[in-house]
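1. when you get a sec, could you give me coordinates for this:
(one chain, ligands or ions: 1)
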Amino acid sequence: MTENSYDIPSYLHRDLLGIEGLTPPEISYLLDRSESFIEHNRQADKKLDILHGRTVINLFFENSTRTSTSFELAALRLGADVINMAVAQSSVRKGETLIDTAMTLNAMHPDILVVRHSESGAVKLLAEKVKCAVISGGDGSHEHPTQALLDALTIRRRRGDLSALTVAICGDVLHSRVARSNIHLLNTMGARVRLIAPRTLLPSKIEAMGVEVFHDMVEGLKDCDIVMMLRLQKERMAANFFPSAREYFHFFGLTYEKLAMTKPDALIMHPGPMNRGVEIDTEVADDYGRSVIREQVEMGVAVRMACLETLGLRNKDEAQERAP
Ligand code: NCD
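-> Here you go, the predicted model:
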């Protein structure tokens, strides 16, 4: 378990800021490593010493429940020391710039920084200024790489090879970093990606990302293997993007009626948190024959362990090489 069984380092970046630009072997490597932690996480004794002595700082500038908890658990289970920096109480609230925050963090010598920020690009900026490895926990509406990896792991365990699948991503694509990371990952791994959304909730020229676009659920869901629902991100909406939640549910909410269009065994996914009765019918969400929403959360911890291990160990190896 603690041994890295790969002879050649298969993930060569210092950071994990997005899925865009990763190769199929890099993605497969992270998924394979994640796989090795799943059974381990189901045991009573979950503590490993892979990252013993390493310091992980969680820096969440934006609210998060499952992502921050999952990173914290992952780091603790690998034996790292973890600090959750409460941004609300930190000097960031007093007007400190991101660059000053980076300088402060550098002086504390963390090994890995996990960052979530409401501005697209802010995590990258911080990564350029800090000396340690950075993992993105989501930046604005840009990318959320570990969510795409955990989604891929969930799908791969249920359906095997991703390249044989048609995946429909439905809802508020415009504001969704989850959608963007999933499009990159699924395309890279050879799956077919469809987007289903009202015109107002789709970025312009999104077809250029190599997806098929639909504005009608019944058409878009036809013969899909996987249905990924997205949360309607009201907190990112400055204007009215749809008439009412009721109308939205009527046209774009996932119900059994619309689900009848997919393959009979299609899986239902949602990154959470869910707006029940808005983007997904509550019974569909809780249909554990088909809904893998709980599994996604479980896979999240394994994926974050794999990402922390990969970046943390690589730094350790480098440090050892430099040692006299
Ligand atoms: C997602 C996020 O924060 O981008 N949630 C998550 O990480 N579990 C999706 C969302 O907020 O809708």
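
2. what about the helices in the stretch 101-250 of the chain?
-> 122-129, 145-159, 177-188, 217-220, 245-252 (DSSP state H, counting those that start in this stretch).

3. any chance of TSV for those helices, columns distance to the ligand, mean pLDDT and mean neighbour count?
-> Placement of C-beta: from N, CA and C, glycine included. Formatted as TSV, the helices of the stretch 101-250 of the chain follow (distance: least, CB to the nearest ligand atom, whole Å; pLDDT from 0 to 100; neighbours: other CB atoms under 10 Å):
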stretch	distance to the ligand	mean pLDDT	mean neighbour count
helix 122-129	13	93	19
helix 145-159	5	98	24
helix 177-188	5	98	25
helix 217-220	19	98	18
helix 245-252	15	94	16
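
4. residue 67: which of these is closest?
-> helix 145-159 (7.4 Å; CB to CB).

5. the closest one: how far from the chain's middle?
-> Distance of helix 145-159 from the chain centroid (CA atoms, centre = their mean, to the nearest Å) equals 9 Å.

6. packing partners of it?
-> helix 24-41, helix 66-77, strand 133-139, helix 177-188, strand 226-229, strand 267-269, helix 293-322 (3 or more CB pairs under 8 Å, 6 or more residues apart in numbering; DSSP states H and E).

7. circling back: nearest to residue 168, out of the helices of the stretch 101-250 of the chain?
-> The nearest among the helices of the stretch 101-250 of the chain, by CB to CB, is helix 217-220 at 5.6 Å.

8. what sits up against that closest one?
-> Contacts to helix 217-220, defined as CB atoms under 8 Å, 6 or more residues apart in numbering, come from residues 168, 170, 194-196, 214, 251-252, 254, 258, 261.

9. please tell me how far residue 143 sits from the ligand.
-> 10 Å (CB to the nearest ligand atom, to the nearest Å).

10. surely that residue touches residue 18?
-> Yes. Between residue 143 and residue 18 there is a contact under CB atoms under 8 Å: 3.8 Å.

11. among the contacts of helix 217-220, which are in strands?
-> 168, 170, 194-196, 214 (DSSP state E).

12. so which of those residues is the closest to the ligand?
-> Using CB to the nearest ligand atom, residue 170 is the member of the ones in strands among the contacts of helix 217-220 that lies nearest the ligand, at 12.7 Å.

13. check contacts around the closest one.
-> 195-197, 217, 220-221, 227-230, 252, 254, 279.

14. tabulate those (a markdown table), appending distance to residue 246.
-> As requested, these are exported to a markdown table (distance: CB to CB, whole Å):
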| residue | distance to residue 246 |
| --- | --- |
| 195 | 23 |
| 196 | 19 |
| 197 | 17 |
| 217 | 16 |
| 220 | 21 |
| 221 | 21 |
| 227 | 21 |
| 228 | 23 |
| 229 | 17 |
| 230 | 18 |
| 252 | 11 |
| 254 | 15 |
| 279 | 12 |
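
15. hang on, the earlier thing: quick one, which of the contacts of helix 217-220 are buried?
-> 168, 170, 194-196, 214, 252, 254, 258, 261 (16 or more other CB atoms under 10 Å).

16. for the protein, which residue is closest to the average position?
-> For the chain, the residue nearest the mean C-alpha position is residue 147 (1.4 Å; CA atoms, centre = their mean).

17. excluding covalently adjacent residues, which one is nearest to that residue?
-> Closest residue in space to residue 147, ignoring its immediate chain neighbours: residue 178 at 5.0 Å, by CB to CB, 6 or more residues apart in numbering.

18. circling back: show me which of the buried ones among the contacts of helix 217-220 is closest to residue 311.
-> Nearest to residue 311 out of the buried ones among the contacts of helix 217-220 is residue 195 (CB to CB; 30.8 Å).

19. how close does the closest one get to residue 118?
-> As for residue 195, its distance to residue 118 is 23 Å (criterion: CB to CB, to the nearest Å).

20. how about residue 202?
-> 21 Å.

21. the more surrounded of these two?
-> residue 202 (19 against 14; other CB atoms under 10 Å).

22. quick one: contacts for residue 210?
-> Contacts of residue 210 (CB under 8 Å, 6+ apart): 183, 187, 193.

23. ok, the first one touching residue 176?
-> No. At 9.8 Å, residue 183 does not count as touching residue 176 under the criterion of CB under 8 Å.

24. excluding chain neighbours, give the residue nearest to the residue of the stretch 201-324 of the chain at minimum distance from the ligand in space.
-> With CB to the nearest ligand atom, the shortest gap between the stretch 201-324 of the chain and the ligand falls at residue 231, namely 3.3 Å. Nearest residue to residue 231 in three dimensions, chain neighbours excluded: residue 275, at 5.9 Å (CB to CB, 6+ apart).

25. contacting residues for that neighbour?
-> 231-232, 245.
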